[in-house]
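> Give the three-dimensional model of this entry:
(chains A and B)
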Amino acid sequence: SQQGEEDPQALSIQEGENATMNCSYKTSINNLQWYRQNSGRGLVHLILIRSNEREKHSGRLRVTLDTSKKSSSLLITASRAADTASYFCAPLSAGNMLTFGGGTRLMVKP
Amino acid sequence: EAQVTQNPRYLITVTGKKLTVTCSQNMNHEYMSWYRQDPGLGLRQIYYSMNVEVTDKGDVPEGYKVSRKEKRNFPLILESPSPNQTSLYFCASSYKESTEAFFGQGTRLTVV
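Predicted coordinates:
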């Protein structure tokens, strides 16, 4: 299994600003998933983007995927204090398991 | 409601005393897995199961056992817990290994 590497490790912004997190991976994938984790809680699935997709939206979330660069980004627009959490990407190849990197810790200040 | 249920949520135990953390899902998922989360080390996979009676080691299986006798349950067994197994544990399930995963609420284990 491969795990994604999220960047930056930590991000602090003001409420209303946009937050961008990046994910890089090493080998070809079938899909890439993003998850959110509130402190001490279980991960919650946010969005799945398939390898043949370039962009996907869900509410205030926008995910892009560039398979040529082996990278993905998660954009949260008009952030809210409730978006404060850690965000993880999980690149998945066929037959492989869901594994996680260290995540990006996002702090949204009111 | 679709959910993954772990029990207990919190546990303090002593070194060497066998314990089991239960995990149950109500979504008829084939794939289940266990992770531990430690500061600075992220989430690491302990064991996973792709179906009943099919289990395999993840990245950090030492000191743990699992079983998958029924589709809905995937207990994590620590035969002889040690302090280095103090951690936050998560169970997860998904329809297949590459589809959306659902996580339990977590079990915070302290071994003294």
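> Might you list the low-confidence residue ranges for chain A?
Along chain A, segments meeting pLDDT under 70 span A:1.
> In it, which residue sits closest to chain B?
Residue nearest to chain B within chain A (C-beta to the nearest C-beta): A:Gly42, separated by 3.3 Å. In this view, the C-beta of every residue, glycine as well, is placed from N, C-alpha and C.
> wait, that residue sits on B:Gly104?
Yes: at 5.5 Å, A:Gly42 and B:Gly104 qualify as touching, with contact defined as C-beta atoms under 8 Å.
> sorry, back to before: my reading is that the residue of chain A closest to chain B is in a strand; is that accurate?
No: A:Gly42: not assigned to a strand; according to DSSP: H, G, I helix; E, B strand; the rest coil it is coil.
> one step back: mutual contacts of A:Gly42 and B:Gly104, please.
B:Val4, B:Phe90, B:Ala92 (C-beta atoms under 8 Å, 6 or more residues apart in numbering or on different chains).
> now these in CSV, with distance to chain A and secondary structure?
Below are these laid out as CSV (distance: C-beta to the nearest C-beta, whole Å; DSSP: H, G, I helix; E, B strand; the rest coil):
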residue, distance to chain A, secondary structure
B:Val4, 8, strand
B:Phe90, 6, strand
B:Ala92, 7, strand
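> which one among the residues you listed gets closest to B:Val21?
For those, the minimum distance to B:Val21 (C-beta to C-beta) is 10.1 Å, reached by B:Phe90.
> Quick check, pLDDT for the closest one.
With respect to pLDDT, B:Phe90 scores 97.
> higher neighbour count, A:Gly42 and B:Gly104?
The residue with more neighbours, out of A:Gly42 and B:Gly104, is B:Gly104; 26 against 21, by other C-beta atoms under 10 Å in any protein chain shown.
> show me what contacts the more buried one?
For B:Gly104, the contact set (C-beta under 8 Å, 6+ apart) comprises A:Gly42, B:Val4, B:Thr5, B:Gln6, B:Cys23, B:Phe90, B:Cys91, B:Ala92.
> name the element residue 20 belongs to?
Just going to use chain A. Using DSSP states H and E, A:Thr20 sits in strand A:19-24.
> That was the other one, I meant chain B.
According to DSSP H and E, B:Thr20 maps onto strand B:19-25.
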